[in-house]
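**Q** sequence? don't have it. structure:
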């Protein structure tokens, strides 16, 4: 049954105004299910692109995404709804973080930083997989198993980024970013059961 047919059927089942809340819940579930299927295709495509990388190249891509995320979190780019800085190593407050990551990716893309935008997309795919976990668990683990398979290169790639930044980034921010980076990689893969 198509999404449209399911939606029509759900609407037809509601014959009184007392069921408006129930109707909205049914429609939201149908929308989420459809979004999950669409996202599943995106996740598979993204994972296939990652599979085309050499291991060391994928490690650099991944470490860059963790380093950039950690630095932005330490700078206060990610915040909770109350405005408090989010420096949690787990992907906490995932719906808000997803929107923040999407804005960052858009800003990177608009400024010509396409490699950085692509690297940050690891986190949007992860957050979407967490949100749509009922549809994406296997594919989510395929992506993360692939990323984790590059672990032997992480320290080298991290030190390259650290050395690049040590003369141009505030020393305390650099130290905090390194600490958060290590906390993040110790939590991998992000737990799909956070929700």
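**A** Sure, I can see it. These numbers were taken from a predicted model, which means no experiment stands behind them.
**Q** give me the phi and psi angles of residue 187.
**A** Note on residue 187: backbone dihedrals following degrees, to the nearest 10 are phi -100, psi 10.
**Q** and the nearest residue to it once chain neighbours are set aside, how many residues sit next to it?
**A** Distances taken as CB to CB, 6 or more residues apart in numbering place residue 89 nearest to residue 187, at 5.1 Å, with adjacent residues excluded. To be clear about C-beta, it is placed using only N, CA and C from the backbone, and glycine gets the same treatment. By the criterion of other CB atoms under 10 Å, residue 89 has 19 neighbours.
**Q** let me see the mean pLDDT of the helix or strand encompassing residue 178.
**A** According to DSSP states H and E, residue 178 maps onto helix 171-186. In this model, helix 171-186 has a mean pLDDT of 95.
**Q** off-centre distance for it?
**A** Counting by CA atoms, centre = their mean, to the nearest Å, helix 171-186 is centred 19 Å from the centre of its parent chain.
**Q** who's in contact with that helix?
**A** Here helix 171-186 makes contact (CB atoms under 8 Å, 6 or more residues apart in numbering) with 66-67, 69-71, 73-75, 87, 89, 154, 158, 162, 165-166, 169.
**Q** now the buried members of those.
**A** Neighbour counting with 16 or more other CB atoms under 10 Å marks 66-67, 69-71, 73-74, 87, 89, 154, 158, 165, 169 as buried within these.
**Q** need the residues you listed in CSV with secondary structure and distance to residue 180, can you?
**A** As requested, these are exported to CSV (DSSP: H, G, I helix; E, B strand; the rest coil; distance: CB to CB, whole Å):
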residue, secondary structure, distance to residue 180
66, helix, 9
67, helix, 10
69, helix, 8
70, helix, 4
71, helix, 8
73, helix, 6
74, helix, 6
87, coil, 6
89, coil, 6
154, helix, 15
158, helix, 12
165, helix, 14
169, coil, 13
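**Q** tell me the two of those that are most distant?
**A** Using CB to CB, those span at most 20.5 Å, a distance reached by 87 and 154.
**Q** ok, the residue nearest to residue 187 touching residue 190?
**A** No. With contact defined as CB atoms under 8 Å, residue 89 does not count as touching residue 190 (9.5 Å).
**Q** mind checking the end-to-end distance for stretch 66-83?
**A** 22 Å (CA to CA, to the nearest Å).
**Q** how far does that stretch sit from the chain's center?
**A** Distance of stretch 66-83 from the chain centroid (CA atoms, centre = their mean) equals 13 Å.
**Q** stretch 159-175 too?
**A** Distance, centroid of stretch 159-175 to centroid of chain: 24 Å (CA atoms, centre = their mean).
**Q** checking my notes, residue 53 in a helix, right?
**A** No. Counting by DSSP: H, G, I helix; E, B strand; the rest coil, residue 53 is not part of a helix but coil.
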